[in-house]
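Chemist: Next one to model:
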Amino acid sequence: PQEPPPPRKPPRKRRRRPRRRAPSRERAPSALGSLWRGPLFPYCLLVGLILVTMVYDFIPSGRGHPSMTWLFGLTWLLGGAVVLAEMGKGSRLTEGQWLWGPLAYILITGAGLFLYRLVQTSLLRPGGDVTRVLVAYCLLLFAIVFLLALILATRETLPHTFWRRAKGWIYPLLAAGVALLILTTNVNVVKADIYYKQAWVGYHQKRRYDPAIGLYKRTLELAPDQDYYYLFLGKALLEKAERLSDPAQQEALFEQSREVLERARELNPLNTDHTANLARLYQAWGQLAVDPQVRAEKLNRALEYYREATQLSPNAAHLYNEWGWTYFIMGDYDRALEKYQISLSLDQEFDQTYMRLGELYRAQEKWAQAEEAYEKAVELNPRSVQAHSGLAFAYAQQGKLEEAVQENRKVTELAPDDLASHRNLAILYHQLGRLDEALAEARIALELAPEDQ
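Modeler: Reported below is the predicted structural model:
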């Protein structure tokens, strides 16, 4: 039998030689494109952020001052030097990069600074809401940081993590939450402080109570849990009430002040100022009350609050003076003296205590003791108009006319428009027989006197 033929080997396939691809010609990155991938733009944004912050902090208060020009110019030049140094770090810059680098720095920082300055100037116009300057600065701050993050994110491929793609919807929620948190814990707090300072410095200290009260209320809308702002609102309402002549309006303002000051005390019961302010409120309320029963009720409430205030701050001499003054208003001179003596035991160098003692002895017509108290007050505070005036009155009541003239002269030196002192000098000169001087003082008093007098 014949053997089967051996199996045929499959024909070999010829391997095709891969065609050589022509080397691709990659375009060299442009000078501006390479700068984009370098540190130029991030550093420009950082320098711009510094300059904008300087405008926000310094320009309103340093407007027109030559030092501001030097400060901004030096900061801008040093920032440019740092940016150029970082550009050339580790690589050699081309001619185009050396041209585009400084130009881009000038355009980015200069344009940002100029635009923000225009915005701030428009917001700082008289009568405008200056808190918008803070909001504009915060918005620009977020814009710069967002742009900076966007530029840095394009430099490298970020890893695929749990927080990307499938969970991308979380980012807008997080951004909104962070913005809300910053608004409530930072922006609103700063805006409230701006309104408070406007109210206190611009209006309250000048006794323009209506605009001050309005600004204090706006302050509390932004920071309703700050007892400090309630304190000043209550103070403004109280001071306005004391200067009104209509009893109904006074009563309404006293009631508003009471509600505000009690709210402040609820927020911070351990702050002595809140309890003391309630005592001052009831003291003024009782002092201006027409009905004797209402007067006694309010003054007794003031005594209770002063008792609580001195328990919170037992070493506060001025509180004992105010407590004693309440007794003085009520006609209880013995207890008033008792409180003044406690004040002296705490602070023997407090001129107001001696002023209170002088008024107490004056009411009792104890002129020698009143003289001694007023002399001590003058010694401690030589520029006190009230102390010199009180001492002059004590001298006059004891027949010490020359000494009374000298003290009244000191009053007119400290307060040239003090009507009472010129009137007293006219009387004293007349009693001394110095008629020409009496006539001169009478003429000055006549010029200073209101038309209805």
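
Chemist: Identify the residues contacting A136.
Modeler: With contacts taken as Cβ atoms under 8 Å, 6 or more residues apart in numbering, A136 has the following neighbours: 116, 119-120, 123. Backbone N, C-alpha and C define where each C-beta goes, glycine included.

Chemist: Check P42 too.
Modeler: 148, 151-152.

Chemist: Hmm, W285 is touching F254, no?
Modeler: Yes: here W285 reaches F254: they are 4.9 Å apart, a contact under Cβ atoms under 8 Å.

Chemist: okay, these two: which has more neighbours?
Modeler: More neighbours sit around W285 than around the other of W285 and F254, counting by other Cβ atoms under 10 Å; the figures are 26 against 21.

Chemist: and the helix or strand where W100 lies, what does it pack onto?
Modeler: Assigned by DSSP states H and E, W100 belongs to helix 95-123. Here helix 95-123 touches helix 31-37, helix 40-58, helix 66-87, helix 131-153, going by 3 or more Cβ pairs under 8 Å, 6 or more residues apart in numbering; DSSP states H and E.

Chemist: Return the most buried member of those.
Modeler: Per-residue neighbour counts averaged over each of those give the maximum for helix 40-58, namely a mean of 19 (mean count of other Cβ atoms under 10 Å).

Chemist: Distance from it to the middle of the chain?
Modeler: Helix 40-58 has its C-alpha centroid displaced from the chain centroid by 25 Å (Cα atoms, centre = their mean, to the nearest Å).

Chemist: Give me the distance between the most centrally placed residue in the chain and T219.
Modeler: When the chain is reduced to its mean C-alpha position, the nearest residue by Cα atoms, centre = their mean turns out to be K197, at 4.1 Å. Using Cβ to Cβ, to the nearest Å, we find K197 at a distance of 9 Å from T219.

Chemist: Out of the contacts of P42, the closest to I213 would be?
Modeler: Proximity to I213 was ranked across the contacts of P42 by Cβ to Cβ; first place goes to L148, at 43.6 Å.

Chemist: roughly how far apart are that closest one and L49?
Modeler: The span separating L148 from L49 equals 8 Å under the rule Cβ to Cβ.

Chemist: Report the buried residues of stretch 268-275.
Modeler: The neighbour-count check on stretch 268-275 (16 or more other Cβ atoms under 10 Å) flags 268, 271-275 as buried.

Chemist: Actually, stretch 442-450.
Modeler: Within stretch 442-450, the residues scored as buried using 16+ other Cβ under 10 Å are 442, 444-445, 448.

Chemist: Residues contacting stretch 186-202, please?
Modeler: When contacts are taken as Cβ under 8 Å, 6+ apart, the neighbours of stretch 186-202 outside the stretch itself are 130-131, 134-135, 138, 208, 211-216, 218-220, 222-223, 226, 229, 232, 236.

Chemist: nope, stretch 302-310 is what I meant
Modeler: Counting contacts by Cβ under 8 Å, 6+ apart, the residues outside stretch 302-310 that touch it are 272, 275-276, 278-283, 285-286, 316, 319-320, 322-323, 326-327.

Chemist: any idea how far that stretch is from the chain center?
Modeler: From the chain centre to the centre of stretch 302-310 is a distance of 30 Å (Cα atoms, centre = their mean).

Chemist: Give me the mean pLDDT for that stretch.
Modeler: Averaging pLDDT along stretch 302-310 gives 96.

Chemist: swap in stretch 409-428?
Modeler: For stretch 409-428, mean pLDDT is 95.

Chemist: Same question for stretch 190-202.
Modeler: Here stretch 190-202 scores 88 as its mean pLDDT.

Chemist: Tell me which residues of it come out buried.
Modeler: 191-196, 198-200.

Chemist: Can you say which helix or strand has R263 in it?
Modeler: Short version, using DSSP H and E: R263 is in helix 247-267.

Chemist: Would you tell me which one of the buried residues of stretch 190-202 comes nearest to R258?
Modeler: Scanning those for proximity to R258, where the rule is Cβ to Cβ, the winner is A199, at 20.1 Å.

Chemist: So the closest one versus P211, what's the distance?
Modeler: In this view, A199 and P211 are 7 Å apart by Cβ to Cβ.

Chemist: What distance do you get for N268 to A149?
Modeler: When Cβ to Cβ is the yardstick, N268 and A149 sit 41 Å from each other.

Chemist: Give me the phi and psi angles of K400.
Modeler: Backbone dihedrals for K400, given as degrees, to the nearest 10, come out at phi -90, psi 80.

Chemist: returning to what we had before: from the buried residues of stretch 268-275, which ones fall inside helices?
Modeler: 272-275 (DSSP state H).

Chemist: In a markdown table: the residues you listed, plus pLDDT.
Modeler: Output for those, formatted as a markdown table (pLDDT from 0 to 100):
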| residue | pLDDT |
| --- | --- |
| T272 | 94 |
| D273 | 94 |
| H274 | 94 |
| T275 | 95 |
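
Chemist: Specify which member of those residues is nearest to K376.
Modeler: Using Cβ to Cβ, the shortest approach to K376 within these belongs to T272, at 27.0 Å.
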